[in-house]
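Chemist: Here is the input, now give the coordinates:
(chains A, B and C)
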Amino acid sequence: MPLPKIGILNISDRASAGIYSDEPGQACVALLRAWLTTAFDLDYKIIPDDQGVISAELIRMADVSGCGLIVTTGGTGPAPRDVTPEATRAVIEKELPGFGELMRATSLNYVPTAILSRQLAGTRGRTLIVNLPGRPKAIRENFEAVFPAIPYCLDLIGAARLETNAEVMKSFRPKT
Amino acid sequence: MPLPKIGILNISDRASAGIYSDEPGQACVALLRAWLTTAFDLDYKIIPDDQGVISAELIRMADVSGCGLIVTTGGTGPAPRDVTPEATRAVIEKELPGFGELMRATSLNYVPTAILSRQLAGTRGRTLIVNLPGRPKAIRENFEAVFPAIPYCLDLIGAARLETNAEVMKSFRPKT
Amino acid sequence: MPLPKIGILNISDRASAGIYSDEPGQACVALLRAWLTTAFDLDYKIIPDDQGVISAELIRMADVSGCGLIVTTGGTGPAPRDVTPEATRAVIEKELPGFGELMRATSLNYVPTAILSRQLAGTRGRTLIVNLPGRPKAIRENFEAVFPAIPYCLDLIGAARLETNAEVMKSFRPKT
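Modeler: Modelled structure (predicted):
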């Protein structure tokens, strides 16, 4: 049986042009390796802030590559080149507003500019897509806040089961 | 003069097929009877998780039955059969995002999976429609959180006036 | 070089008919004069709760008048004449949901009816548009909550730089 697959989509004009190192994507990988006890395969890409390219890559990762979870980094602010939320909204079927709300509320504990973040999350078939910010420190704070709900969400949409190391990341599944 | 009418729409494939008892709907009725001192009539229905059926029933309760308040239970998660928010959004004229935000923030005090709830609320003419979750415990927590604002909202949209027993449920009307 | 321009749009049937004094708009001006050390020009208008008129005025202030920031007051509740959010959504390119979330969360510290507020914010080219409520007390509470993020947002969208008096209003610009 194939391993569960997780997509990491690092969205950044400068990283995709090789001007920046790929810290945001690597930060996500490091967190997943620390939290998950379930073995998984990665689908890892660095692409520019282009709405059409982002949407196409999300569709490929979900429908062709078969990722149960896709995490994006970057492109969620109000600047003209920030189009990750629009590209995500165009491909999801059900939006989950609670992810963005909790991420912004969490970041507000650190910076008042948290309200400028437009991260969203939603499902496309058996795939959950979650936008994260672009700075490694903010990625950790935000991913940590929402991750406890992710394994149960994947159960509900029929994606592969993920187990976490409860010492570093407690996931939660309600008793049904 | 007819009594104010409140619609309860229990949305559940299993309850509508008689496999589940109708706990969520009954939980709403019990809370309304405990909180309201105003006498009211009920329009009570159990229907399956079918988007078209839900929308049609919301329209009937609002436009034909004349409910000033409609409360739905169930169908607000990310699972494929969860379509209550979509069915609700299709029939409301003004969305009130604060209801969902407060319900999720409230449920986060109990379970991290609160961010998977997609409840929304909005108005259709002189009717306020509020989505509640499907589990009786979560129904109570969520309904209790938003109910203090409901009587004033009904005033603003021209629905019948509701009064509460302030010992168990304090509603709030700003002095104008 | 022209001064940065800020638009104040007081939306109220009664104020525009001269029945009410123009307190909400004046409250915004007083706060801006207290907080900003940067000199600015005002584009100030009082208009009725008419969706088409509001949208047209927002477009004029953004595209013709060149306001970097536009603040509206009023028209954000659930009543039939409250159409400011719809008029705003029709002209913005990027919605910033964090503004409304934080304003409602802030107002919930004062009144449970805060969840009836539908304020939103978003960008249109080099202009940030922010809806505020209509009561002067709520205007102050809400504007104070979100203002720390506004100067940095204006930087990101290419609007003129605003500086605040940190003794009364600390704005925040992350180190990049």
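
Chemist: show me where chain A has strands.
Modeler: With strands called from DSSP state E, chain A shows them at A:5-11, A:41-47, A:69-73, A:94-95, A:121-124, A:127-132.

Chemist: where's the residue of chain A found nearest chain B relative to chain C, distance?
Modeler: When scored by Cβ to the nearest Cβ, chain A has residue A:98 as its residue closest to chain B, at 3.2 Å. Backbone N, C-alpha and C define where each C-beta goes, glycine included. From residue A:98 across to chain C, the span is 11 Å (Cβ to the nearest Cβ, to the nearest Å).

Chemist: Then residue A:165?
Modeler: Residue A:165 is 32 Å from chain C, by Cβ to the nearest Cβ.

Chemist: where in chain A is pLDDT low?
Modeler: Applying pLDDT under 70 to chain A picks out residues A:176.

Chemist: ok, what's across the strand from the residue nearest to the spatial centre of it?
Modeler: Chain A has residue A:71 as the residue nearest its centroid, 2.2 Å off, counting by Cα atoms, centre = their mean. Residue A:71 forms beta bridges with residue A:8, residue A:130, as assigned by DSSP bridges.

Chemist: my read: it touches residue A:8, true?
Modeler: Yes. Between residue A:71 and residue A:8 there is a contact under Cβ atoms under 8 Å: 5.6 Å.

Chemist: returning to what we had before: burial count for the residue of chain A closest to chain B?
Modeler: 25 (other Cβ atoms under 10 Å in any protein chain shown).

Chemist: What's the separation between the residue nearest to the centre of chain A and chain C?
Modeler: 20 Å.

Chemist: distance of that residue from residue A:94?
Modeler: Separation of residue A:71 from residue A:94 (Cβ to Cβ, to the nearest Å) stands at 17 Å.

Chemist: Equivalent analysis for residue A:137, please.
Modeler: Distance from residue A:137 to residue A:94, by Cβ to Cβ: 30 Å.

Chemist: higher neighbour count, these two?
Modeler: Neighbour count, other Cβ under 10 Å: between residue A:137 and residue A:94, residue A:94 has more, with 19 against 12.

Chemist: Quickly list what the more buried one is bridged to.
Modeler: According to DSSP bridges, beta-bridge pairing links residue A:94 with residue A:123.

Chemist: can you pull the contacts of residue A:151?
Modeler: A:161, A:162, A:163, A:164, A:171, A:173 (Cβ atoms under 8 Å, 6 or more residues apart in numbering or on different chains).

Chemist: ok, now residue A:66?
Modeler: Per Cβ under 8 Å, 6+ apart, neighbours of residue A:66: A:2, A:5.

Chemist: Provide a list of residues in contact with the nearest residue to residue A:73 once chain neighbours are set aside.
Modeler: Among residues not flanking residue A:73 along the chain, residue A:24 sits closest, at 3.7 Å (Cβ to Cβ, 6 or more residues apart in numbering or on different chains). Listed by Cβ under 8 Å, 6+ apart, the contact partners of residue A:24 are A:10, A:12, A:15, A:73, A:74, A:132, A:134, A:135, A:136, A:139.

Chemist: again with residue A:123
Modeler: Residue A:123 is in contact with A:92, A:93, A:94, A:96, A:129, A:153, A:157, B:78, counting by Cβ under 8 Å, 6+ apart.

Chemist: where's it relative to chain C, distance?
Modeler: With Cβ to the nearest Cβ as the criterion, residue A:123 and chain C are 19 Å apart.

Chemist: where do the helices sit along chain A?
Modeler: For chain A, the helices defined by DSSP state H occupy A:13-16, A:23-35, A:51-59, A:84-89, A:97-107, A:136-146, A:150-157.

Chemist: out of the ones you listed, nearest to residue C:43?
Modeler: helix A:84-89 (28.9 Å; Cβ to Cβ).

Chemist: Any part of that closest one near chain B?
Modeler: No. Between helix A:84-89 and chain B, judged by Cβ under 8 Å from any Cβ of the partner chain, nothing touches; the nearest distance is 14.1 Å.

Chemist: which outside residues touch that helix?
Modeler: Counting by Cβ under 8 Å, 6+ apart, A:11, A:49, A:51-52, A:54-55, A:58, A:72, A:74-76, A:95, A:118-120, A:122, A:129, A:131, C:94 sit against helix A:84-89.

Chemist: So which bits of that helix are buried?
Modeler: A:84, A:85, A:86, A:87, A:88 (16 or more other Cβ atoms under 10 Å in any protein chain shown).

Chemist: Stretch A:15-35 too?
Modeler: A:15-16, A:20, A:22-25, A:27-29, A:31-32, A:35.

Chemist: Show me which residues of chain A sit near chain B.
Modeler: A:94-99, A:101-102, A:105, A:123, A:128, A:146, A:148-149, A:152-153, A:156-158, A:172-174.

Chemist: can we see that at 7 Å?
Modeler: A:94, A:96-99, A:101-102, A:123, A:146, A:148-149, A:152-153, A:156-157, A:172, A:174 (Cβ under 7 Å from any Cβ of the partner chain).

Chemist: Type out the PyMOL command that picks the buried ones from those residues.
Modeler: Buried members of the residues of chain A next to chain B, defined by 16+ other Cβ under 10 Å, are picked up in PyMOL with:
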select buried, chain A and resi 94+96+97+98+99+101+102+123+146+148+149+152+153+156+157
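
Chemist: which residues does the residue of chain A found nearest chain C contact?
Modeler: Closest residue of chain A to chain C, Cβ to the nearest Cβ: residue A:115 (3.2 Å). Contact analysis of residue A:115 by Cβ atoms under 7 Å, 6 or more residues apart in numbering or on different chains lists A:104, C:96, C:98, C:99, C:102, C:146, C:149.

Chemist: now, the most widely separated pair of these?
Modeler: Among the contacts of residue A:115, A:104 and C:146 lie farthest apart (Cβ to Cβ), at 11.8 Å.

Chemist: Residue A:22 contacts residue A:16, doesn't it?
Modeler: No. Using Cβ atoms under 7 Å, residue A:22 makes no contact with residue A:16, being 9.1 Å away.
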